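heads up, no residue letters with this:
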């Protein structure tokens, strides 16, 4: 991503990859229109569009239009709206069971504001007092998650809500899996590391990554680290990507 927003891999970069469909460290290809910029999708829908070019985008290939660009709404739609056209073993998965929905929504609300978005509030702060306040608040809420997972573990539960994988786990995972490799250094969220200071969050993270199909398969640490360190010139003007931590995620303890 640069000053023109989210981009797709270009032709020259594509030539440098042995298998562009598998190696997404430099970015991903637009297989539908061959666009180089996400903004082109917005302009395809409305040539006079003058808003923000945000991700994610749920695109309808048949209608040639944007269905939705709000992450919390898209993830909820993906839970149910495609059940008629996907294999039955996937259609039966329900990440928002009705009996847990209120608890999931409540947890999602403060996790988003204080953790998912909290890393950005700290990372993009341009005032020392604002940064300090947001960083401390972020770790305060990581402490809250740690306490929840500790209590659940003592009750023989492995996940955030109930005793099953839910949308709450999926939404928190995307931030926690990036925390040690990116946010500690790049966004100065360095009061502690997940792997050292948060044993229950750390165990939960590794459980998802190493044992549940879908998490590891959709996590590319090169892509994650390159995106952040090459995109934010004000934060990292030389575009240097830190080598560590090594490894990006630790093995699951037996």
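In hand now; what should we look at? Just so we're clear, the structure is a prediction, and the values are computed from it rather than from any experiment.

From now on I want contacts and neighbour counts done on CA atoms only, so please keep to that.
Will do.

what's the helix or strand for the residue positioned nearest the centre of the chain?
The chain has residue 174 as the residue nearest its centroid, 3.2 Å off, counting by CA atoms, centre = their mean. Using DSSP states H and E, residue 174 falls within helix 167-178.

On the C-terminal side of that helix, identify the next helix or strand.
Per DSSP H and E, the first helix or strand lying C-terminal to helix 167-178 is helix 184-186.

and that next one, how far from the chain's centre?
16 Å (CA atoms, centre = their mean, to the nearest Å).

let's have the chain start at 260 instead
Fine by me, first position is 260 from now on; the one you just mentioned is helix 443-445.

which residues touch that helix?
With contact meaning CA atoms under 8 Å, 6 or more residues apart in numbering, helix 443-445 is reached by 382, 449, 451-452, 487-488, 494-495.

what about 6 Å?
Applying CA atoms under 6 Å, 6 or more residues apart in numbering, the contact partners of helix 443-445 are residue 449.

And stretch 340-348, by the same measure?
Taking CA under 6 Å, 6+ apart as the rule, stretch 340-348 contacts residue 350.

for it, what is the average pLDDT?
Stretch 340-348 carries an average pLDDT of 94.

Next, the distance between the ends of it.
Taking CA to CA, to the nearest Å, the first and last residues of stretch 340-348 lie 15 Å apart.

moving C-terminal of the worst-scoring helix or strand of the chain on mean pLDDT, what's the next helix or strand?
Using mean pLDDT, DSSP states H and E, helix 270-274 stands out as the lowest-scoring helix or strand of the chain, at a mean of 66. Tracing the chain past helix 270-274, the next element assigned as helix or strand by DSSP H and E is helix 298-304.

Quick one: residues in contact with that next one.
312, 324.

chain center to that helix, what's the gap?
Here helix 298-304 is found 23 Å from its chain centre; the criterion is CA atoms, centre = their mean.
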